[in-house]
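Chemist: I would like to see how this sequence folds:
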Amino acid sequence: MTVLDAVRGPEDLRNMTGDQLAALAGEIRTELISAVARTGGHIGPNLGCVELTIALHRVFASPRDRILFDTGHQTYVHKLLTGRRAGFAMLRQRGGLSGYPSRDESPHDLVENSHASTALSYADGLAKAHQLRGEHDRAVVAVIGDGALTGGMAWEALNNIAAARDRPVVVVVNDNGRSYSPTAGGLAEHLAALRLSHRYERALATVRSTVTRAPRIGRPAYELLRRAKRGLKDLLVPQSLFQDLGIKYVGPVDGHDLDAVERALRGARAFGEPVIVHCVTRKGRGFAPAENHTEDCLHGPGPYDPETGAQLRKPGTSWTSVFGAELVELGARREDVVAITAAMLHPTGIAPFTQRFPGRVFDVGIAEQHAVTSAAGLAMGGLHPVVGLYATFLNRAFDQVLLDVALHRLPVTFALDRAGVTGDDGPSHNGMWDLSVLQVVPGLSVAVPRDGTRLRELLREAVAVDEGPTVVRYPKGPVPTDLDAIGRLGGMDVLAGSAHGDVLLLGIGPMAGLCVEAAQRLRTRGVECTVVDPRWVRPLDPALLEAVAGHHAVAVVEDNSRAGGVGDAVARFLRDHHDQTPVRNFGIPAEFPEHGKRAQLLADFGLTAESVAAELLDLLGRTTDAERSPAQSA
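Modeler: Residues are numbered from 1 along each chain as shown. This next block holds a predicted model:
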């Protein structure tokens, strides 16, 4: 029986010996490397926080003590220590363990977060609640990566935490010098300086051991020097901005020295005021392929070989790589094209542009709001910025898109990766709201490509716009085979059928192929469909009115929330032009879908050729009694 076998919950850690804890750390790393190799997931960040997580659960009594993890992909060790080891067999799969904290899984998971820079705000609120309820024995701990400290929301929270000496919050900075890739910005440089400066600690230790031995005056002299240590630290190390905020700073601590981390955490808990514990860790610790992986220390790979770390890549060209290649082509033709990333150089496909044009790329850290308004400044300065984001992270910068970019009619292009259903990473990562929230932004144009050729084409068109912002959005995964048009109607592509038929079927971006297949199914039942890809879904092409003429119904199929999406926009467009043709919208329901494969989730939402064809048959009254479900018959 291994040490890990004996761990059913955090309480099992409390009486372990040092040797047992060291063995446990090794067994956890072995378990994670093996389990994540089968399913894929965030192996690098979790290997780096093994000792830190063990220490947290030895010092604090979760769930009574509140432990919050920022960017929740670093919670695999936490899950192993809180009774969820068996779930790793189906990590990030339908019916299995979530790759992020999940309130449905365990009372030890408080928030279902994966967006960075939020944990400190949760912690501030919890500390206030405990104070008001008289629950002074409950600790609040926020574990935040150094990359997440590049987000402005973290500093808004720190400002409040620092202001309340009577509301203790323990902030653990897990400093591995990286977010996805090496952390960018002045804060990263400051942490690096703290990481590398031990002169202060050595000097203070020397003073302590020498001065206190002096007869009579030793102890008072040392106390005087101790009270002056702030000035001493200013002389010997870069000034600690944390202490400037009025927060007690402890560190740097070797995050892989379990005893040192535990001592620091126990001291922080006993202090009774807000404390920052700065732990220096190494991403990918204990797994050489991750430690030596120069791109991102195997941050979040797919399935891989547990011996070599070599990723078992799926065949096919990804949407991300097509975008990246076309961006390089645009950069070669236009010197005014620049790129912005929010700490996701490789995941968003901007890395090739960096290699070709290193002076024209700006990594702003995990700071999407700043990224957007900085892009506005670049555009004001005569450049055309392309901002590469995951669609889900654009939610964080809506105000900036609306009032900093669109209000000023600035030519900024947003490339939204992972749009629609992403699947494995769960509800927070689905990019299913952008086509809804962006509908309200005046002067914004939105393109949705159906395949790789159209992605290149629409990106070129977007960057050619010289007044007002543009968006090009595309999903995760491999691009489908090109689907060529058989005709053109205005700026829209006709993919199947003719100018007349029973149903005008609008396939939005990657849903276009599904619509062509649904039309083929319907044709066997005597229903004629015209399939159109609008290409630009905002503003809608005036030729849509011509396309609708001669059809009995319109159906819109989109990989976005049905609420306020393209389907609603089409219905509104027709009403505004006094066209009474009924519109049926197929999309994602207004809910937070569970994690699972993209194909599984699309099938759940009825976004398959078979489901779309069946519903349209029913809409047209062509469904036989035998085909109707009991619910439909009722």
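
Chemist: Show me the domain layout of the protein.
Modeler: Structural domains of the chain, as assigned by automatic domain parsing, span the residue ranges 4-197+238-291, 319-473, 491-633.

Chemist: Which among those is found nearest to Pro303?
Modeler: The stretch from the domains of the chain with the least distance to Pro303 (Cβ to Cβ) is domain 4-197+238-291; that distance is 4.9 Å. Any C-beta I mention is one placed from the backbone N, CA and C, and that applies to glycine too.

Chemist: can you pull the contacts of Ala139?
Modeler: Taking Cβ atoms under 8 Å, 6 or more residues apart in numbering as the contact definition, Ala139 lies against Phe60, Asp65, Arg66, Pro168, Val170, Arg269.

Chemist: Quick check: bridge partners of the third one?
Modeler: Spelled out, that is Arg66. Judged by DSSP bridges, the bridge partners of Arg66 are Val140.

Chemist: Now pLDDT, neighbour count and distance to Glu135 too, for the contacts of Ala139, in CSV please.
Modeler: Conversion of these to CSV gives the following (pLDDT from 0 to 100; neighbours: other Cβ atoms under 10 Å; distance: Cβ to Cβ, whole Å):
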residue, pLDDT, neighbour count, distance to Glu135
Phe60, 96, 21, 14
Asp65, 95, 18, 11
Arg66, 95, 22, 10
Pro168, 91, 23, 12
Val170, 94, 29, 16
Arg269, 93, 17, 15
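
Chemist: Kindly indicate which of those residues lies nearest Asp493.
Modeler: Ranking those by separation from Asp493, with Cβ to Cβ as the measure, puts Arg66 on top at 53.0 Å.

Chemist: and that closest one, how far is that from Arg138?
Modeler: Arg66 sits 7 Å away from Arg138 when distances are taken as Cβ to Cβ, to the nearest Å.

Chemist: and the lengthiest helix in the chain, how far out from the chain's middle?
Modeler: Scanning the chain for the helix with the most residues, using DSSP state H, yields helix 18-39. Mean-position distance between helix 18-39 and its chain equals 26 Å (Cα atoms, centre = their mean, to the nearest Å).

Chemist: Reformat the contacts of Ala139 as a markdown table; add distance to Arg450.
Modeler: As requested, those are arranged in a markdown table below (distance: Cβ to Cβ, whole Å):
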| residue | distance to Arg450 |
| --- | --- |
| Phe60 | 51 |
| Asp65 | 51 |
| Arg66 | 46 |
| Pro168 | 54 |
| Val170 | 50 |
| Arg269 | 55 |
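
Chemist: would you say Thr53 is within a helix?
Modeler: Yes: with DSSP: H, G, I helix; E, B strand; the rest coil as the criterion, Thr53 is assigned to a helix.

Chemist: residue contacts, it?
Modeler: With contacts defined as Cβ under 8 Å, 6+ apart, Thr53 is in contact with Val77, His78, Leu81.

Chemist: Asp259 now?
Modeler: Gly18.

Chemist: now swap in Leu330 and tell me
Modeler: Leu330 makes contact with Val337, Val386, Leu459, Arg460, Val463, according to Cβ under 8 Å, 6+ apart.

Chemist: so where's the protein shaky on pLDDT?
Modeler: With pLDDT under 70 as the threshold, the chain has low-confidence stretches at 113-114, 146, 177-243, 294-300, 315, 426, 623-634.

Chemist: Which strand runs longest in it?
Modeler: Longest strand in the chain by number of residues (criterion: DSSP state E): strand 551-561.

Chemist: A helix includes Leu126, no?
Modeler: Yes: under the criterion used here (three-state DSSP), Leu126 sits inside a helix.

Chemist: just to revisit the earlier point, need the contacts of Thr53 in CSV with neighbour count, can you?
Modeler: Converted to CSV, the contacts of Thr53 look like this (neighbours: other Cβ atoms under 10 Å):
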residue, neighbour count
Val77, 25
His78, 25
Leu81, 27
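
Chemist: nearest to Gln20, of those?
Modeler: Out of the contacts of Thr53, the one with the shortest distance to Gln20 is Leu81. That distance is 13.6 Å, counting by Cβ to Cβ.

Chemist: Report the separation between that closest one and Ser106.
Modeler: To Ser106, Leu81 is 11 Å away according to Cβ to Cβ.

Chemist: ditto for Ile161
Modeler: Going from Ile161 to Ser106 by Cβ to Cβ gives 26 Å.

Chemist: Return the member of the contacts of Ala139 nearest to Leu13.
Modeler: Relative to Leu13, the closest of the contacts of Ala139 is Phe60; by Cβ to Cβ it sits at 11.0 Å.

Chemist: The closest one: what's it in contact with?
Modeler: Phe60 sits next to Ile67, Ala139, Val141, Leu265, Arg269 when contact means Cβ under 8 Å, 6+ apart.

Chemist: tally of neighbours for Pro593?
Modeler: As a burial measure, the neighbour count of Pro593 was computed by other Cβ atoms under 10 Å and equals 18.

Chemist: helix, strand or coil for it?
Modeler: Quick answer, by three-state DSSP: Pro593 is coil.

Chemist: re earlier: which one of the contacts of Ala139 is nearest Glu558?
Modeler: Arg66 (39.4 Å).

Chemist: Which among the domains of the chain is found nearest to Leu312?
Modeler: Of all those, it is domain 4-197+238-291 that lies closest to Leu312, at 8.8 Å by Cβ to Cβ.

Chemist: Quick one: end-to-end length of that closest one, please.
Modeler: Across its full length, domain 4-197+238-291 reaches 24 Å between end residues, using Cα to Cα, to the nearest Å.

Chemist: Next: stretch 265-278.
Modeler: For stretch 265-278, the end-to-end distance is 10 Å (Cα to Cα).

Chemist: Dump stretch 553-570 to CSV, keeping only the CA atoms.
Modeler: Extracted in CSV, the C-alpha atoms of stretch 553-570 (Å, rounded to 0.1, in the frame of the first residue of the first chain):
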residue,chain,number,x,y,z
ALA,A,553,-39.3,29.3,-43.6
VAL,A,554,-35.9,30.3,-42.5
ALA,A,555,-33.7,28.3,-40.2
VAL,A,556,-30.5,29.6,-38.6
VAL,A,557,-27.9,27.1,-37.2
GLU,A,558,-25.2,28.6,-35.1
ASP,A,559,-22.6,27.5,-32.5
ASN,A,560,-23.6,30.2,-30.0
SER,A,561,-26.3,30.8,-27.5
ARG,A,562,-29.7,31.0,-29.0
ALA,A,563,-30.5,34.0,-26.8
GLY,A,564,-29.6,37.1,-28.7
GLY,A,565,-27.4,35.3,-31.3
VAL,A,566,-27.5,35.4,-35.1
GLY,A,567,-30.9,33.7,-35.3
ASP,A,568,-32.4,36.5,-33.2
ALA,A,569,-30.7,39.1,-35.4
VAL,A,570,-32.1,37.5,-38.6
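
Chemist: Next, the buried residues of it.
Modeler: Within stretch 553-570, the residues that qualify as buried by neighbour count (16 or more other Cβ atoms under 10 Å) are 553-562, 564-570.

Chemist: cool, stretch 499-508 as well?
Modeler: For stretch 499-508, the buried set under the neighbour-count rule, 16+ other Cβ under 10 Å, comprises Gly501, Asp502, Val503, Leu504, Leu505, Leu506, Gly507, Ile508.

Chemist: from what I can see the last one touches Val537, true?
Modeler: Yes: between Ile508 and Val537 there is a contact at 6.2 Å, judged by Cβ atoms under 8 Å.

Chemist: Name the residues contacting each of those two.
Modeler: Taking Cβ under 8 Å, 6+ apart as the criterion, Ile508 and Val537 both touch Leu435, Val448, Val566.

Chemist: Pick the one among those residues closest to His293.
Modeler: Ranking the shared contacts of Ile508 and Val537 by separation from His293, with Cβ to Cβ as the measure, puts Val448 on top at 33.5 Å.

Chemist: Just give the closest residue to the closest one, not the sequence neighbours.
Modeler: Setting aside the residues directly before and after it, Val448 is nearest to Gly509 in space (Cβ to Cβ, 6 or more residues apart in numbering), at 3.4 Å.

Chemist: Could you report the neighbour count for the one you found?
Modeler: With neighbours defined by other Cβ under 10 Å, the count for Gly509 comes to 30.
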